[in-house]
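Participant: Return a 3D structure for these sequence lines:
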Amino acid sequence: MRNIIKGSIFFLFTSLIAVGSGCKKKSKEIASVIETGTLMDIDSNIYNTVKIGDQWWMSENLNTTRFNDGTSILEISTSVKDSVWAKNLLPAFCLIDKRYGRLYNWSVVSDSKKIAPKGWHIPTDEDWKNLEKHIGMSVSDAEKLAWRGMNLAGKLLPLNTIGWPSVSAVYGTNDFGFSALPGGCRVFDGTVNSESNTAFWWTSTENGIKAFYRYIDYNNTNIYRQSTYKAYGFSIRCVKD
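Facilitator: Model (predicted):
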């Protein structure tokens, strides 16, 4: 039961441009088309998807509890001792807030049984860079580490930053339908950031004993790229093969 349910939605944004003098105005439509669809995982969770440039992305975080062959993934609750997560070497997940999907360690990402729905995969670092360049990041910035891409984070957040803290420095315009939500993270020692003010996503690209990830913070308008230890718990977005 893993398939793509095809569909599309088109969003039109209209602006008024004043011409001449007085009260006369000419209406000019500026259309921005966002192509969307849906995707089902092995647990029958259905996700919204969106086409961004030449890529199809999930516009929600992964929420499954099983690999594609039906094997269950170990759940390590946030209520257990932090040391249990820290010492674990097996593929594992935890759940902070069901609205934002589950958090997975990198052993889930790298497992040959695969967690991404059939026909999809966990994005590589290059997949993420392609997304970032499409939304306006320069080629040189995309290759950098740490915070990059001035004022681009808002293009990935929901319109009006819904779901994020009201004091957020980032204003969400969701220009491309990515709909990033603050899933938080589980740190390598097992402690949890559950403040609903950060979003972290794994890539499938290793960097020695670490792996690359992306990070958006409510208090920064840029997008963070770095590698970190594989015991962290991050969200996962999938991209179509």
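Participant: bridging residues for residue 147?
Facilitator: With DSSP bridges as the criterion, residue 147 is bridged to residue 224.
Participant: From residue 50, how far off is it?
Facilitator: For residue 147, the distance to residue 50 equals 25 Å [Cβ to Cβ, to the nearest Å]. For glycine as for every other residue, the C-beta is placed from the backbone atoms N, C-alpha and C.
Participant: who's more crowded, those two?
Facilitator: residue 50 (21 against 17; other Cβ atoms under 10 Å).
Participant: Secondary structure element for the more buried one, which one?
Facilitator: Secondary structure assignment for residue 50, by DSSP states H and E: strand 46-52.
Participant: Give me the average confidence score over that strand.
Facilitator: Averaged across strand 46-52, pLDDT comes to 97.
Participant: Quick one: residues in contact with it.
Facilitator: 4-5, 34-41, 56-60, 62-63, 131, 134-135, 176-179, 240 (Cβ atoms under 8 Å, 6 or more residues apart in numbering).
Participant: these two touch, right, residue 90 and residue 108?
Facilitator: No - contact criterion Cβ atoms under 8 Å: residue 90 and residue 108 do not qualify, at 9.2 Å.
Participant: Who has more neighbours out of these two?
Facilitator: More crowded of residue 90 and residue 108, by other Cβ under 10 Å: residue 108, with 27 against 11.
Participant: would the more buried one count as being in a strand?
Facilitator: No - assigned with DSSP: H, G, I helix; E, B strand; the rest coil, residue 108 falls outside any strand and is helix.
Participant: Read off the pLDDT value for residue 109.
Facilitator: Value for residue 109, per-residue pLDDT: 98.
Participant: Report the separation between it and residue 187.
Facilitator: Relative to residue 187, and taking Cβ to Cβ, residue 109 is found at 17 Å.
Participant: more crowded one of the two?
Facilitator: residue 109 (22 against 16).
Participant: Next one: that one from residue 231, what distance?
Facilitator: 12 Å.
Participant: what's the answer for residue 240, then?
Facilitator: Computed as Cβ to Cβ, the residue 240 to residue 231 distance reads 29 Å.
Participant: And for residue 178?
Facilitator: According to Cβ to Cβ, residue 178 and residue 231 sit 27 Å apart.
Participant: right, and residue 201 touches residue 237 too?
Facilitator: Yes - in this structure residue 201 lies within contact range of residue 237 using Cβ under 8 Å: 5.5 Å.
Participant: Find the least confident helix or strand in the protein, judged by mean pLDDT.
Facilitator: strand 12-18 (a mean of 31; mean pLDDT, DSSP states H and E).
Participant: after the longest helix belonging to the chain, next one along is what?
Facilitator: If you go by DSSP state H, the chain has its longest helix at helix 125-134. Per DSSP H and E, the first helix or strand lying C-terminal to helix 125-134 is helix 139-142.
Participant: Check the offset of that next one from the chain's centre.
Facilitator: The chain centroid and the centroid of helix 139-142 are separated by 20 Å under Cα atoms, centre = their mean, to the nearest Å.
Participant: can you tell me the distance between the two ends of stretch 179-188?
Facilitator: 26 Å (Cα to Cα, to the nearest Å).
Participant: got the contact list for it?
Facilitator: Stretch 179-188 has contacts (Cβ under 8 Å, 6+ apart) with 48, 50, 59-61, 78, 85-86, 94, 96-97, 99-101, 103, 105, 153, 156-158, 163-164, 192-200, 216, 218, 228-229, 231-235.
Participant: tell me the mean pLDDT over it?
Facilitator: In this model, stretch 179-188 has a mean pLDDT of 95.
Participant: My read is that residue 85 contacts residue 92, right?
Facilitator: Yes - counting by Cβ under 8 Å, residue 92 is a contact partner of residue 85 at 7.1 Å.
Participant: Nothing else from me, thank you.
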